[in-house]
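with the sequence up front, the predicted model follows.
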Amino acid sequence: MDNARNMERLKKIAKSFNLKGDIATIEPLGNGLINDTFIVKTEAAGTPNYVLQRINTQIFTNVEVLQRNIEAVTRHIRMKLTERGTDDIDRRVLTFLNTPSGRTYTVDNEGCCWRMSVFIANSHTLDIVDCNSAKSCGKAFGEFESLLADIPDTLGETIPRFHDMELRAAQLDEAIHNDAAGRLHEVEEEVAVIEDMADDMCRAEQLHRKGMLPKRICHCDTKVNNMLVDDNGNVLCVIDLDTVMPSYVFSDYGDFLRTAANTAAEDEPDLSKVCFREDIFQSFTEGYIGATASFLTKTERQNLPFAVALFPYMQATRFLTDYLNGDTYYKTAYDQHNLVRTRNQLELLRQILERMAKIEKFIASI
C-alpha cells in the first residue's frame, strides 16, 4: 500500500474515535516490537494530539478482555489520584478515547483492531538505566501496584499463564521429549542446570496453592521505557498497559532486574561481559519496597530475593525450549541465537546466586 493510501486509511481509523480537532498529520511513533504506533497531530492550537495504536492480535488474542482490563485500571488509578488531590491528573494516567458506540477500540475493514489515547505533551521515555532512573522505576512500578491493590474489578489474563514457571517447566519437558530440531545432544549441560533447580523455581505456584502468596494486579512488563517522564526527568505515569493482569509481585520486581541489572544485552555471546549490577539492584529495590510497603505481605517481601533469580531462570528456560523446538517463537538472527540467549541468562543467574546472601541482607535491611 502506497503512503498516500495508507495515510487515508489511518485518518479514517482515527476519525472513528471521538477526537477533538482536525487531523493535520499521522506519523510513526517509537520503535515498539509488539504494536504499530502512530502520533496523530491536530491542526488547531489548544487541541490535543493523540496516539493511535494497532493492537497485535496474534499476541493479544482477546481484545475485549485486553481493553476491559485497561479501562478498569485507568479508571481506578484516576479515581485514586483524585482522592489524593493529585495535580494534573491527565498527565498521571493515560486517557483512552471512545468510539461513538462507547468502546475503546475499533475494528477496521481489514479486521485489524485499533485504539486511541491522548498524547501526553512534553513527556518522553527513557532508554538507559542508571541508579537514579532505577530508583524512579522501582518507585513508579511499586506505586502502580499500590494504586491497584484495592481495585474492585476482576481482570483477565491477556496472555494466559505468562509468568507461570510450572507452565514453562512443562513446556521445556515436552521440548526435551520431542527433540524436534535434533539439538538435545548440544544442550545436555544447560538442561541439567535448569532441571536441577526446577522444583525450587516453581516456588511461587506452590506458595499460591497453599494460600500463602496472593495474586495482585501487576504490570508484567517492567522495562525502563514503559514509563513516561517530564522534561525534568520526573516520572509522570506508567504506560504500555497490555500486559497488566493478575500475577505475583515477583513479576514486576524480578523482570525489571533481569534486563536492567545485566551489563550486557540478553543475546551477548561473550559471557565475560555479563555482570549483575548490584548498584541497579539496590536502587530499584529501595524505590520498589518504599512504594509497596503498605501492602506487601511478609511472604512476598521474604521472597523478593527469589524473584531476582527467578526471572533469568525463567527466560533461560523459555529460550532453551525454543531452541529445542527449532526456533519457532522468538525471532533469531542465526542458528544458535536462542542457545546464546540461554547461556547468557544462565550466567546472569549464576552470578545472582553467588550474591544471594548479599541480596537477602540488603532487602532485609530496608
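That came through fine.

could you use CA atoms for every contact and neighbour count after this?
Fine.

so what's residue 106 up against?
13, 16, 99, 113, 114, 115 (C-alpha atoms under 8 Å, 6 or more residues apart in numbering).

what's the burial count for the spatially closest residue to the first one that is not a sequence neighbour?
Spatially, and ignoring its direct neighbours in sequence, residue 13 is nearest to residue 108 (6.9 Å; C-alpha to C-alpha, 6 or more residues apart in numbering). The number of residues packed near residue 108 is 14, by other C-alpha atoms under 10 Å.

how near is residue 108 to residue 16?
9 Å (C-alpha to C-alpha, to the nearest Å).

point to the residue nearest the middle of the chain.
Taking C-alpha atoms, centre = their mean, the centroid of the chain lies closest to residue 221, which sits 0.9 Å from it.

report the contact partners of residue 275.
261, 262, 263, 264, 348, 351.

just checking, the residue nearest to residue 13 touches residue 11?
No: using C-alpha atoms under 8 Å, residue 108 is not in contact with residue 11; the gap is 11.6 Å.

ok, now which ones touch residue 189?
Going by C-alpha under 8 Å, 6+ apart, the list of residues near residue 189 is empty.

so it, which of the three states?
Following DSSP: H, G, I helix; E, B strand; the rest coil, residue 189 is assigned to helix.

so for it, what's the pLDDT?
Note on residue 189: pLDDT of 98.

swap in residue 23?
Reading off the model, residue 23 has pLDDT 94.

now do residue 109
90.

which residues of the stretch 151-300 of the chain fall in strands?
216-218, 227-230, 235-238, 245-247 (DSSP state E, counting those that start in this stretch).

let me see the mean pLDDT of the last one.
Confidence for strand 245-247, expressed as mean pLDDT, is 97.

hmm, who's touching it?
Outside strand 245-247, the residues that reach it (C-alpha under 8 Å, 6+ apart) are 69, 155, 156, 157, 158, 163, 215, 216, 217, 218, 219, 220.

select only the buried ones of the residues you listed in PyMOL?
Provided next is the PyMOL selection string for whichever of the contacts of strand 245-247 are buried by 16 or more other C-alpha atoms under 10 Å:
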select buried, resi 69+155+156+157+158+163+216+217+218+219+220
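
need the contacts of strand 245-247 in TSV with distance to residue 28, can you?
Shown next, in TSV, are the contacts of strand 245-247 (distance: C-alpha to C-alpha, whole Å):
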residue	distance to residue 28
69	26
155	30
156	30
157	29
158	25
163	31
215	36
216	34
217	31
218	28
219	25
220	25
